[in-house]
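Novice: Curious how this folds, go ahead:
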Amino acid sequence: MRGEPGPSRRLLDTPPAQVSVPQPVLAEIHYGLARLAASRRRKELEARLAILVRTLPRAPWDDDVSRWFGEVKANLERRGERVDDLDVAIAAHALARQSAVVTRNVRHFSRIRGLVVQDWS
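Specialist: Numbering: from 1, shown residues only. Below is the predicted model:
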């Protein structure tokens, strides 16, 4: 969303069939936009979101994702670690599809066992 050169280049170089956006990611983006006052920056980010939505398929929330969500959240609770539910949901999508989460917040997502985490910056 920020249009940073590294992640943008990696995204453009990756075939669209190899990338999908989980609905919780879109929810977080919409939340971030809703918090912004009307401005040129908000309009620019909304335009980028529109491109993302038109271009990339969504990863559906199915029974496998729900199972992984429960497993991940319970495992974190047993270890006394806290991860926001939307982040657990994003991780559950990746685990259900045997794929990676791309984020700059590697340390945060690395607490989730078995999750492949990549930083494209």
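Novice: Now do the phi/psi pair for the residue nearest to the spatial centre of the chain.
Specialist: Geometric centre of the chain, nearest residue: Val25, 4.4 Å, by Cα atoms, centre = their mean. Backbone torsions for Val25, taken as degrees, to the nearest 10, come to phi -70, psi -50.
Novice: Apart from its neighbours in sequence, what residue is nearest it?
Specialist: Among residues not flanking Val25 along the chain, Ile90 sits closest, at 6.0 Å (Cβ to Cβ, 6 or more residues apart in numbering). The way it works is simple: take the backbone N, C-alpha and C, and place the C-beta from them, glycine included.
Novice: what does His93 give?
Specialist: Nearest to His93 is Pro22, by Cβ to Cβ, 6+ apart, at 3.9 Å.
Novice: Kindly tell me how buried that neighbour is, as a neighbour count.
Specialist: When neighbours are counted by other Cβ atoms under 10 Å, Pro22 registers 23.
Novice: Could you list which residues are in contact with it?
Specialist: 58-59, 61, 65, 89-90, 93-94 (Cβ atoms under 8 Å, 6 or more residues apart in numbering).
Novice: Hmm, the residue nearest to the centre of the chain is touching Ala91, no?
Specialist: No - counting by Cβ atoms under 8 Å, Val25 does not reach Ala91; the two are 11.2 Å apart.
Novice: From Arg82, how far out is the closest residue to Glu81 other than its chain neighbours?
Specialist: Spatially, and ignoring its direct neighbours in sequence, Glu81 is nearest to Arg111 (5.5 Å; Cβ to Cβ, 6+ apart). Distance of Arg111 to Arg82, given as Cβ to Cβ, to the nearest Å: 9 Å.
Novice: next one: Val106
Specialist: 17 Å.
Novice: Likewise for Pro22?
Specialist: Between Pro22 and Arg82 the distance is 20 Å, computed by Cβ to Cβ.
Novice: Cool, thanks, talk later.
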